[in-house]
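1. Only the shape, not the letters, is given here:
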């Protein structure tokens, strides 16, 4: 995948997030607040465990990176994407419209494309990635 494709994916991701933020509250009602806070805590945990020099919005592997397999990475390979989907999913569930649901689904498709590209790079960078991928799920612990 050339650099244009990851840039396109990140642009669509940011547009989806901007739309969801602009069309509804980002702090949900008490009905969904527990799930939003769970997603937020999961995302914060993933960020804390990941070495700062490896933080990226683009699906690439920085030079000198190490494969993180602790914290939430013990159960899923892309916990930050999981957190984004859970948190934004609560926004849509709290203020549902057909367009917001479609934008959330587009966000899920874009994040899936990003993670597939990222996994190709991780496989090429880390010999142990194949074994890690066999024992952990992509986004949902124990499911997918």
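-> Thanks, I have the structure now. Just so you know, these numbers come straight off a predicted model, no measurement behind them. Residues are numbered from 1 along each chain as shown.

2. Quick one: the helices in the protein, in order.
-> Using DSSP state H, the helices of the chain run over 4-22, 30-49, 79-94, 98-125, 129-135.

3. Let me have those helices in CSV, adding distance to residue 59, mean neighbour count and mean pLDDT as columns.
-> For every residue, glycine as well, the C-beta is placed using N, CA and C. Compiled in CSV, the helices of the chain are given as follows (distance: least, CB to CB, whole Å; neighbours: other CB atoms under 10 Å; pLDDT from 0 to 100):
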stretch, distance to residue 59, mean neighbour count, mean pLDDT
helix 4-22, 5, 15, 96
helix 30-49, 15, 15, 97
helix 79-94, 10, 21, 98
helix 98-125, 4, 16, 97
helix 129-135, 14, 12, 97
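
4. For those helices, give me a markdown table that also has distance to residue 58.
-> Below are those laid out as a markdown table (distance: least, CB to CB, whole Å):
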| stretch | distance to residue 58 |
| --- | --- |
| helix 4-22 | 5 |
| helix 30-49 | 16 |
| helix 79-94 | 13 |
| helix 98-125 | 8 |
| helix 129-135 | 18 |
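
5. and of those, who's closest to residue 57?
-> helix 4-22 (5.6 Å; CB to CB).

6. End to end on stretch 59-69, go ahead and measure it.
-> Counting by CA to CA, to the nearest Å, you get 18 Å between the two ends of stretch 59-69.

7. buried residues in it?
-> Within stretch 59-69, the residues that qualify as buried are 59, 65, 68, 69, counting by 16 or more other CB atoms under 10 Å.

8. Please name the nearest non-neighbouring residue to the first one.
-> Read that as residue 59. With sequence-adjacent residues excluded and distances taken as CB to CB, 6 or more residues apart in numbering, residue 59 is closest to residue 118, at 3.8 Å.

9. what sits against the one you found?
-> Residue 118 sits next to 59, 60, 61, 78 when contact means CB atoms under 8 Å, 6 or more residues apart in numbering.

10. Would you check how far apart the residue nearest to the spatial centre of the chain and residue 99 are?
-> Centroid check for the chain by CA atoms, centre = their mean gives residue 81 as the closest residue, at 0.8 Å. Computed with CB to CB, to the nearest Å, the distance linking residue 81 and residue 99 is 22 Å.
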